[in-house]
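Chemist: how does the following fold in three dimensions:
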Amino acid sequence: MTLAPPEARGPLRRERLRTARLYLCCEARPGGADPEPLLRAALNGGVDIVQLREKDLPRREVERSAQTFRRLCDTHSALFVVNDDPDLARACNADGVHVGQDDMPAAEARATLGPEAIVGLSTHSEEQIAAAAEAPVDYISVGPIWETPTKEGRPAVGLDLIRHAAAAAPHPFFAIGGIDAGNAAEVVDAGAQRLCVVRAIRDAEDPAVAAEELRNALAPLGEAAPGA
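Modeler: Predicted coordinates:
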């Protein structure tokens, strides 16, 4: 279970979100393996938020794996978010849920989890970014910047949408989609203060080093928290 007392969870979660820079999405069993070595390395390397994103495994196996996600995120004072399913998020004692444009509406996810939970929303266009102003969410993701197999069939939006989000996003946003150590500086130069990745850390030979390299790309922004 999370270490925070019930009355502190909402503010603590939002403070952790406010200062978060690096977000990892990961399957319950990445590459069919125990998630602990990957998660431990990623968190040691500087990941602030971990999302459990699992489309294929049985619910019982996902819940069992989620115990590892929760324990390691607590150890590293990181946020633990579940993709798509607020009921699963509640069962796993997650800090919140991330929903897509084609998933459960953000308002329904908020109603299910309550005001203390973190709710995130995917956006892929200027119109969706603007509409997020009316949604009961704490952050949005913006992308995919480049085509990526983790978002099959979703066209790339390019860096122009990141520049737009940097000027107009109504919530803190994480840039997402094909980001790695080789191009992260471009994303930061376009105005992103927060990055979200999958393969760049999950598939790295050394996930801790990969996370450190991504944080290095954010270093020009300084140590001050990005703000809400």
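Chemist: and the contacts of the one helix or strand Val97 maps to?
Modeler: Assigned by DSSP states H and E, Val97 belongs to strand 96-99. Strand 96-99 has contacts (Cβ atoms under 8 Å, 6 or more residues apart in numbering) with 13, 51, 79, 81-86, 89, 105-106, 109, 113, 117-122, 138, 141. From N, CA and C alone the C-beta is placed, and that goes for glycine too.
Chemist: neighbours of Gln16, how many?
Modeler: For residue 16 the amino acid is Arg, not Gln. Counted by other Cβ atoms under 10 Å, the residues lying close to Arg16 total 18.
Chemist: so who does Gly120 touch?
Modeler: Val81, Gly96, Val97, His98, Val99, Val137, Asp138, Tyr139, Ile140, Ser141.
Chemist: mind doing that once more with 6 Å?
Modeler: His98, Tyr139 (Cβ atoms under 6 Å, 6 or more residues apart in numbering).
Chemist: could you measure from it over to Leu72?
Modeler: 20 Å (Cβ to Cβ, to the nearest Å).
Chemist: can you check Gly114 too?
Modeler: Counting by Cβ to Cβ - Gly114 and Leu72 are separated by 24 Å.
Chemist: neighbour count: those two, which is higher?
Modeler: Set side by side, Gly114 and Leu72 show more neighbours around Leu72, with 20 against 10, by other Cβ under 10 Å.
Chemist: the helices in the chain, which residues?
Modeler: Taking DSSP state H as the test, the helices found in the chain are 9-19, 36-45, 59-75, 86-91, 106-113, 126-131, 159-168, 184-189, 199-202, 207-218.
Chemist: by contact count, what packs against the third one?
Modeler: Just to be clear, that refers to helix 59-75. helix 36-45, strand 49-52, strand 79-83 (3 or more Cβ pairs under 6 Å, 6 or more residues apart in numbering; DSSP states H and E).
Chemist: the same query, at a cut-off of 8 Å, please.
Modeler: helix 36-45, strand 49-52, strand 79-83, helix 86-91 (3 or more Cβ pairs under 8 Å, 6 or more residues apart in numbering; DSSP states H and E).
Chemist: could you export these as TSV, including mean pLDDT and mean neighbour count?
Modeler: Supplementary listing: those in TSV, determined by pLDDT from 0 to 100; neighbours: other Cβ atoms under 10 Å:
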stretch	mean pLDDT	mean neighbour count
helix 36-45	98	19
strand 49-52	98	26
strand 79-83	98	25
helix 86-91	96	18
